[in-house]
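# here are the coordinates; sequence isn't available:
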């Protein structure tokens, strides 16, 4: 009887350890849609070596501590990669980064049209000192949480009247 009780306790302990391993090892994993957005961004940035740990296939941005990426649990909350001599563009999946609050790609050599698919809940966007052209995307006017927007020193073809709906915008 005593041996049966020990076996049950051992089995229970083994089960608890297994569950702990399963949940503990997946804690650092990045939400697949967040990881896909960053992998695409890396490709559109021409896979620069200065973005250490970044990869266009399979790696885990939160679990592997990609340069300039901050996470909360399995979600990306910040991308801060200023002054890294990055070129290319940002890609088209940034809107899937729904918990991203801060995107800073200032002081690089990014160009082309600024992506329409920006993080919808961003509070800070810094695109200053790049080579973006055309008009900033209208999607910025829908970013109701936006407090800070820096578009300075680019080659935009005008600024449309899209800031009236941004009631939280403090700095433009």
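In hand now; what should we look at? Remember, predicted model here, so these are calculated numbers, not experimental data. Numbers count the residues shown, from 1 in each chain.
# can you pull out the strands in the chain?
Under the criterion DSSP state E, the chain contains strands at 69-72, 75-80, 87-88, 102-104, 109-113, 124-126, 131-134, 148-150, 155-156.
# now, of these, which is deepest in the fold?
Compared across the strands of the chain, strand 124-126 shows the largest average neighbour count, a mean of 21 (mean count of other CB atoms under 10 Å). Bear in mind the C-beta positions are built from the backbone N, C-alpha and C, glycine included.
# okay, and for this protein, where does confidence drop off?
Flagging of the chain using pLDDT under 70 yields the residue ranges 1-28.
# what do you get if the cut-off is 80, keeping everything else the same?
When the per-residue scores of the chain are filtered using pLDDT under 80, the ranges that remain are 1-28, 58, 158-160.
# helices of the chain, residue ranges please.
Counting by DSSP state H, the chain has helices at residues 2-26, 32-44.
# hmm, residue 137 is touching residue 114, no?
Yes. At 5.7 Å, residue 137 counts as touching residue 114 under the criterion of CB atoms under 8 Å.
# higher neighbour count, those two?
When residue 137 and residue 114 are compared for neighbours, residue 114 comes out ahead with 24 against 16, by other CB atoms under 10 Å.
# from residue 59, how far off is the closest residue to the more buried one other than its chain neighbours?
Sequence neighbours aside, residue 132 is the residue nearest to residue 114 in space, at 4.7 Å (criterion: CB to CB, 6 or more residues apart in numbering). Remark: distance between residue 132 and residue 59 (CB to CB, to the nearest Å) = 27 Å.
# what of residue 96?
Counting by CB to CB, the separation of residue 96 from residue 59 is 17 Å.
# which one's more surrounded, these two?
Neighbours were tallied for residue 96 and for residue 59 using other CB under 10 Å; the higher tally belongs to residue 96 (20 against 16).
# so what's the more buried one up against?
When the contact criterion is CB atoms under 8 Å, 6 or more residues apart in numbering, the partners of residue 96 are 33, 34, 36, 37.
# what of residue 110?
For residue 110, the residues meeting the contact criterion (CB under 8 Å, 6+ apart) are 45, 86, 87, 88, 89, 90, 127, 130, 131, 132.
# residue 37 now?
For residue 37, the set of contacting residues under the criterion of CB under 8 Å, 6+ apart consists of 76, 91, 93, 94, 96, 97.
# and for the last one, the neighbour number?
Yep, that's residue 97 we're talking about. Using other CB under 10 Å, residue 97 has 26 neighbouring residues.
# how about the second one?
Look at residue 91: counted by other CB under 10 Å, it has 18 neighbours.
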